[in-house]
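1. The following comprises the amino acid sequence and a computationally predicted model.
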Amino acid sequence: MVSRTPQVEERATAGRTRHETEGGEGFRSRDASSLRDGAPRPTREEERDAWRIAATVADPEVPVLTIEDLGVLRAVEVDASGVRVTLTPTYSGCPAIDQMRDDVLLALTAEGFRDVTVDFTLSPAWTTDWMTDEGKAKLEQYGIAPPTHRAGERSGPIPVMLGVKCPRCQSLRTREVSRFGSTACKSHFECLACLEPFDHFKVH
Ligand SMILES: [Zn+2]
């Protein structure tokens with residue numbers, strides 16, 4: 001475990017949310033505000049290299065997306081004891097996360113990094129707000145409608161209800177067929193203009 005300064009400890013505690021009782025040995029809490037729009041990038045050269053390698057790992061469920069596109073890759077730290085990678089699963093119990101962990105271990109080991117460990121952190125909880133704009137564009141090209149708005153925008157008294165755009169013909173004349181699509185992260189839609197069915201990555 002990395003020792004923390006009292007100031008960091010205080011910020012980490014403030015950043016914990018609904019999952020604060022979860023997490024075990026490998027748990028490291030981070031400042032929620034600094035993670036809001038993408039994780040902070042390592043500054044040291046070795047950490048940048050390790051980040052770049054880990055960032056190439058694909059989401060097993062949507063292979064066009066990397067774990068960086070998804071916002072699942074949260075931290076990469078390199079020191080004398082080895083490499084520590086921190087991932088946040090897209091949702092608790094997501095089966096893809098074990099595959100992502102194995103792939104990160106393989107990718108870093110193949111590039112010569114040793115003593116690689118991968119930790120999971122559930123706090124702050126993953127949100128589709130962490131998905132990069134590039135990731136959203138890749139999703140749409142892949143035929144999956146990206147999240148329609150930021151999860152943070154739901155916090156007001158009136159929920160934001162934006163239409164889901166068909167990824168094929170761009171029509172907003174679409175309707176939800178099923179709350180769950182090919183995976184729990186997605187719902188199933190059909191386009192009333194071009195009649196094609198498609199998945200929508202739900203705001204989470
Ligand atoms: Zn369409």
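-> Thanks, I have it.

2. Would you map the strands across the protein?
-> According to DSSP state E, the chain carries its strands in the segments 73-79, 82-87, 116-120, 144-145, 174-178, 186-191, 197-201.

3. Sheet-wise, list the partners of the last one with their directions.
-> Strands adjacent to strand 197-201 in the sheet, as given by DSSP bridges, are strand 144-145 (parallel), strand 186-191 (antiparallel).

4. Please work out how many residues are found near Glu68.
-> Residues lying near Glu68 (other CB atoms under 10 Å) number 20. From N, CA and C alone the C-beta is placed, and that goes for glycine too.

5. now do Thr90
-> 26.

6. give me every residue that touches Ser178.
-> Ser178 makes contact with Ser187, His188 under the criterion CB atoms under 8 Å, 6 or more residues apart in numbering.

7. Quick one: closest of the strands of the chain to Ala137.
-> Closest approach to Ala137 among the strands of the chain is made by strand 144-145 (11.3 Å; CB to CB).

8. Contacts for that closest one, please.
-> Outside strand 144-145, the residues that reach it (CB under 8 Å, 6+ apart) are 62, 139, 164-167, 174, 186, 189, 198-201.

9. picking up where we left off before, and the strands paired with strand 197-201, which is most packed in?
-> Per-stretch averages of neighbours, counted by mean count of other CB atoms under 10 Å, single out strand 144-145 among the strands paired with strand 197-201, with a mean of 23.

10. So what's the model's average confidence on it?
-> The average of the pLDDT scores along strand 144-145 is 95.

11. so Leu108 makes contact with Val83?
-> Yes. Counting by CB atoms under 8 Å, Leu108 does reach Val83; the two are 5.9 Å apart.
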